[in-house]
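In: Coordinates for the following, if possible.
(2 chains)
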Amino acid sequence: MATAALAVVATACILAQAALLAHVLAGAFLGGRSVGDLSTSLAVLAAVVALRALVAGAMEAVGRVGALQVMGELRAQLGRHLLSGAPLASAGERSGELATMAVAGVDALEAWYARYLPQVLLSALVPPAILVFLVPQDLTAAALLGITVPVVIVFLVLVGLASRARVQARWRALRLLGAHFADVVQGLPTLQAHRRARAQEAVLDKVGEQLRAETMGTLRVAFLSAFVLELGATIGTALVAATVGIQLVHGSVGLEAGLVVLLLAPELYAPLRAVGQQHHAAEDATVAAERIFEVLDRPAAAQDGTLPAPDPAREAIELRGVAVTYPGREEPVLRDAALRLHPGETVALVGPSGGGKTTLAALILGLLAPDTGTVRCGATDLRAVDPAAWRSRIAWVPQRPALLRGTVGENVRLAAPGATDDEVRAALAAAGALDVVDELPDGLQTVIGEGGRVLSAGQAQRLALARAFLADRPLLVLDEPTAHLDAATAADVDRAIARLAAGRTTLLVVHRPELAALADRVVRVAGGTLAEQHAAEAVAA
Amino acid sequence: MTAGAHALRRVVALAPPAWGRLALGVLLGTLTLLTAVGLLTASGALISKAALQPPILTLGLLIVAVRAFGLARACLRYGERLVTHDVAFRQLAAVRSGFYRRLAPLVPGDLRLGQGQLLTRFVQDVDTLQHLWLRAAGPPLMAVLTALVAVAFAWTVLPAAAVALAIGLGVAGTVLPALTAALGRAAARRQAALRADLTTELLEVVQAAPELVVAGRGPEREARLAAADARLRRVAVRDALAGSVAIAGGSLVQGVTALAVAVVGIQALGAGSLDGVLLAALVFLALASFEAVAPLGGAAQHLQSCAAAATRLTEVTDARPAVRAPATPRPLPAAGDLVADDLHLAFDGRPVLRGASLVLRPGASVALVGPSGSGKSTLAHLLVRFRDPDAGTVTLGGEDVRDLDLDELRGAVRLIAQDDRLFTTTVAENVRLARPDAGDEEVAAALHDAGLGPWIAGLPEGLRTLVGEDGAQVSGGQRQRIALARGLLSEARFLLLDEPTAHLDPEAADDLLRDLPALAGRRGLLAVVHQARGLEAFDEVLELRDGRLVRADCGSSAVALSIR
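Out: Take a look at the predicted model:
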């Protein structure tokens, strides 16, 4: 590993620089040598200084580039994981935060790779190397330093352990206070409406001051660990200086050896101090990575089927004895569910939210495999079918269709990238969305999605319907939007759905009775089980 | 940078630091650095002198100095950390409350898209400013003081060495930090667009992965993600290499300076102008004094981000408030109707309201329907003076609301917004926000009326259940009902409910709309709703069409409503 190799070179440089500098100073002082006499040593010293700088720069570079590589690899894994198995996002997932962290997390990781990790390596290398180097020069000083280092480390650990719980509680409290401020600022409109905005001024002042006082109390203890380190380092150096001085007077040690000892004493403690200082950076770095691993740990649906996909236009889709329990939940979302979708028929799923309707849709889309039971098309179990081939027979309009960054045209072409402009316009017309597009400044070329033009929920829904028209697949899975549409828009969307469902096998997840009226059959999904309902009943409900 | 400096001056004026503590912190920090320099310098002198094998007693003073420096450094450092952290915490509290006071009158103001982002950015910027003293301004001050003392000491020993040291420290303390800051700035600028690009790309994959997979676009997306990643990485690697040059430079300048001091020292020794005992001390002094300038690269970057944060913050707080409180408010009328008369309002030249009039009587209920974007919420905002109309008046009991105290008005006319914030505390405290002196029983009754009785009863913690960050732990429907409970708990005379049923199942929405007029009781109720269904319980159903209010069942904009 490059960083380790560099750490070895850095250690050698530290020793060489100290030895050469001591040699030059002692030679000039006691030996009476001039700059000319010492030119070789000075030249080598200059080279060592340059090499040491080079190594320091290289360590930083290797660390930062390493962090970039690790973060890039993590992002690639995240993308691959989501785009292959596509585990359903759990409710309330902060997707924006995840994406931001996956990109900006590299800053925290850089601190870890470029600063923390090298110092840890140096802490392991430099002190032993210096001690070994010093033993032949001055055994007493080496022994003295050899004793202080472990003593410092032991004290460091003891103080750290004693205050750790309190320090962590304090940082948590600080974070809470930060969250409280964010909460108050973001809730300002609400506070204004309830005339509590002014009252919060006093609250902010009070909790801020209270927290400062309490935190300072904890820090008095927490800073003791740094105090012990500093004290060990400086007292160690001072003791060594005094001891070496006395040995010099007695003539048991030469000046050059004494200077080497003195130059190396601070270097001995430097990496230990740096590790202490970079400790927080190390903790920050793990947060970003952990957030990504959380997602990577979520199991993906099996994707290893190879059979050609059956045709839902000719064969019925059948769920039998299906049970699904989401990881981390105790209650199954579906238990012993059975459903048959005949070719060309439209089935509406109704029932309370959280009852399992969306899970049923995910099973048919192949985004989810049942824990027990089977999902078949004709005689073929979907688990054995090549998932990409099966999905090429389905058009799906989710509850909240995603508008991707790009033009309107590109968005409509989501499942049919090769479609012509005329075909796109025909699909938009069928979805009742042509007027939406014609109102846009650049028509089909208008850029939407992140940073582009903002479309309303109703417009997005009709655009998603146009995607389904253009894809022209035999099986349609459609999740009605709960985002409120005004009455006129809702009626437009209903008419478009009716046109789209005609002649296709259609599964409708329905929230409004008006839409259930389109279905041939209505199935009520509640408490994880399915029950057939007469269409008329559903409309009346 | 001048704009940044100006903004920073205003931050200092808004949240002045505890100057005495700050000075103490800088003093302790400087002494800490100087004791480290003193320790090594004295040690160098001690050893050199000892090498001449004088009587041990003559070394006494130096030995005492070495030990004193050794002990003092750790104590001084401990004191410095306590004082500077105390200053930083005080600074954080002061900037938070200072900027909160400046921001509060500006909100909600122009309720525009991206206000949430603006507020998030605001919070981050305020928090950045906590580093102003501890990390941005403190280190340079300490470095300058330490360098001055070190160079002055060297001057008394050997002026040539002092010059070499001054040059070395000057380069390490100004050129290198400036280089580090400039490289960081350039890197941020170059990478910003690429990072944003990659974030968007990744965000789309995170949010739309199932749709992309079903549409068969998975492999293509993976490739696009990899390409965006590679583009960013190419630039970032170059920036990382450039950043490493600054690190290498710091190490190089320190080594070269020590070498230069050694060379001029040896020459002076030969010329007889330097006591040999002090040669090693001078070189050690040079090596040790670089500790003071080491944190300056980071400090420059902190100063830069503080200046940028201060600039953005002052831009936000310099905005003109959407409404101004009257200098001498009129007393709140004890009774009377809430009347909107011929309200006109345009956003960016696009008219939203064009002569909207409305009378809301205590005890009467009005439902307001209309297509999304027609200005229903805007009308509600005018009634509580979240903004003022371009023309027309809103009166309460005959008084123009512009003459009333804002808080008194909002106490009497309570708006429950569609995105009413849930604060990170218990259900009870969230509801009590509407009336801080309400007892638990009244809170429970309000929650019950809002339809949450069974839910609360089923919770192990009951009213003390935490709702999570902005209601993350409750469903959209529960959240909406908690907000409704606020309105029901309040002592307001008029309740304005913006989309109270948006997140409810259709059946639940119908139930709630049926019950709302009765729940409002003697209050006047205006409910903004998107559905024209299930509004039979309301005394009146109005539609906002083309900027005017018309009776919904009339269905013609020609029949402008004048219900007065």
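
In: Report the buried residues of whichever strand or helix holds A:A491.
Out: Using DSSP states H and E, A:A491 sits in helix A:487-501. Along helix A:487-501, the positions that meet the burial threshold by neighbour count (16 or more other Cβ atoms under 10 Å in any protein chain shown) are A:489-490, A:492-494, A:496-497, A:500-501. Every C-beta, even on glycine, is put in place using the N, C-alpha and C of the backbone.

In: Helix or strand next in line after it, which one?
Out: Sequence order places strand A:505-509 as the next helix or strand after helix A:487-501, per DSSP H and E.

In: what angle separates that next one from helix A:487-501?
Out: Relative orientation of strand A:505-509 with respect to helix A:487-501: 150 degrees, computed using axes from the mean of the first three to the mean of the last three Cα atoms, to 10 degrees.

In: Tell me how far strand A:505-509 lies from the chain's centre.
Out: 35 Å (Cα atoms, centre = their mean, to the nearest Å).

In: Let's see the pLDDT reported for the residue nearest to A:H511 when sequence neighbours are not counted.
Out: Closest residue to A:H511 apart from its sequence neighbours, by Cβ to Cβ, 6 or more residues apart in numbering or on different chains: A:E480 at 5.1 Å. At A:E480, the model reports a pLDDT of 77.

In: what residues are up against A:E480?
Out: Under the criterion of Cβ atoms under 8 Å, 6 or more residues apart in numbering or on different chains, the contact partners of A:E480 comprise A:399, A:508-512, A:515.

In: Next: A:T306.
Out: Contact criterion Cβ under 8 Å, 6+ apart gives A:384, A:386 as the residues in contact with A:T306.

In: same question, A:V408
Out: Contacts for A:V408 were tallied using Cβ under 8 Å, 6+ apart; they are A:437, A:440, A:443-446, A:448, A:463.

In: when you check the residues you listed against the strands, which ones overlap?
Out: In strands, judged by DSSP state E, the following of the contacts of A:V408 are found: A:I448.

In: Just give the closest residue to the closest residue to chain A within the stretch 401-550 of chain B, not the sequence neighbours.
Out: In the stretch 401-550 of chain B, the residue found nearest to chain A is B:R421; the distance is 3.4 Å by Cβ to the nearest Cβ. Distances taken as Cβ to Cβ, 6+ apart put A:G187 closest to B:R421, at 3.4 Å, once the chain neighbours are dropped.

In: Repeat that for B:A428.
Out: In this structure, B:A428 finds its nearest non-sequential neighbour in B:L463, 3.9 Å apart by Cβ to Cβ, 6+ apart.

In: What count of nearby residues applies to the one you found?
Out: Other residues within reach of B:L463, judged by other Cβ atoms under 10 Å in any protein chain shown, total 17.

In: A strand includes it, no?
Out: No. When DSSP: H, G, I helix; E, B strand; the rest coil is applied, B:L463 is found to be helix, with no strand at that position.

In: can you give me the strands for the chain?
Out: If you meant another chain, say so; for now it's chain A. Chain-ordered strands for chain A, with DSSP E as the definition, fall at A:317-324, A:334-341, A:346-350, A:372-377, A:380-381, A:394-397, A:406-407, A:447-448, A:475-479, A:505-509, A:521-526, A:529-533.

In: right idea, wrong chain: chain B
Out: Listed in chain order (using DSSP E), the strands of chain B are B:338-347, B:350-360, B:365-369, B:391-396, B:399-400, B:413-416, B:494-498, B:524-528, B:540-545, B:548-551.

In: Redo those as CSV? Include mean pLDDT and mean neighbour count.
Out: As requested, the strands of chain B are exported to CSV (pLDDT from 0 to 100; neighbours: other Cβ atoms under 10 Å in any protein chain shown):
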stretch, mean pLDDT, mean neighbour count
strand B:338-347, 90, 18
strand B:350-360, 89, 19
strand B:365-369, 91, 24
strand B:391-396, 92, 19
strand B:399-400, 90, 15
strand B:413-416, 92, 26
strand B:494-498, 92, 25
strand B:524-528, 92, 25
strand B:540-545, 89, 21
strand B:548-551, 87, 20
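
In: packing partners for the helix holding A:A491?
Out: In this structure, helix A:487-501 packs against helix A:421-430, helix A:457-471, strand A:475-479, strand A:505-509, helix A:513-516, with contacts taken as 3 or more Cβ pairs under 8 Å, 6 or more residues apart in numbering or on different chains; DSSP states H and E.

In: how distant is that helix from the center of its chain?
Out: Between the centre of helix A:487-501 and the centre of its chain there are 39 Å (Cα atoms, centre = their mean).

In: residue ranges with poor pLDDT in the stretch 401-541 of chain A?
Out: Applying pLDDT under 70 to the stretch 401-541 of chain A picks out residues A:450-451, A:481-486, A:534-541.

In: now swap in the stretch 101-250 of chain B and tell me
Out: Applying pLDDT under 70 to the stretch 101-250 of chain B picks out residues B:109-117.

In: Look up how far chain B lies from A:M59.
Out: A:M59 sits 8 Å away from chain B when distances are taken as Cβ to the nearest Cβ, to the nearest Å.

In: isn't that residue right next to A:A5, touching?
Out: No. Using Cβ atoms under 8 Å, A:M59 is not in contact with A:A5, being 10.0 Å away.

In: Which one of the buried residues of helix A:487-501 is nearest to chain B?
Out: For the buried residues of helix A:487-501, the minimum distance to chain B (Cβ to the nearest Cβ) is 7.4 Å, reached by A:T489.

In: now that closest one, nearest residue through space, not along the chain?
Out: Nearest residue to A:T489, sequence neighbours excluded (Cβ to Cβ, 6+ apart): A:G458, at 3.9 Å.

In: For the one you found, grab the count of nearby residues.
Out: Neighbour count of A:G458, defined by other Cβ under 10 Å: 23.

In: I'd say it and B:G373 touch.
Out: No. Counting by Cβ under 8 Å, A:G458 stays clear of B:G373, with 9.9 Å between them.

In: Could you give the average pLDDT over stretch B:77-91?
Out: Summarised as a single mean, pLDDT over stretch B:77-91 is 90.

In: how about low-confidence regions in the stretch 51-200 of chain A?
Out: Applying pLDDT under 70 to the stretch 51-200 of chain A picks out residues A:85-97, A:163.

In: Count the neighbours of the closest residue to chain B within it for me.
Out: When distances are taken as Cβ to the nearest Cβ, the stretch 51-200 of chain A reaches nearest to chain B at A:G57, 2.8 Å away. Counted with other Cβ under 10 Å, the neighbours of A:G57 add up to 22.

In: Same question for A:S456.
Out: Residues within reach of A:S456, counting by other Cβ under 10 Å, total 16.

In: B:L382 too?
Out: Burial of B:L382, expressed as a neighbour count using other Cβ under 10 Å, amounts to 23.

In: nearest spatial neighbour of it, skipping sequence neighbours?
Out: Closest residue to B:L382 apart from its sequence neighbours, by Cβ to Cβ, 6+ apart: B:P389 at 5.4 Å.

In: Isn't the one you found up against B:L343?
Out: Yes. With contacts defined as Cβ under 8 Å, B:P389 counts as touching B:L343 at a distance of 4.5 Å.

In: Pull up the overlap in contacts between those two.
Out: What both B:P389 and B:L343 touch, as defined by Cβ under 8 Å, 6+ apart, is the set B:353, B:382.
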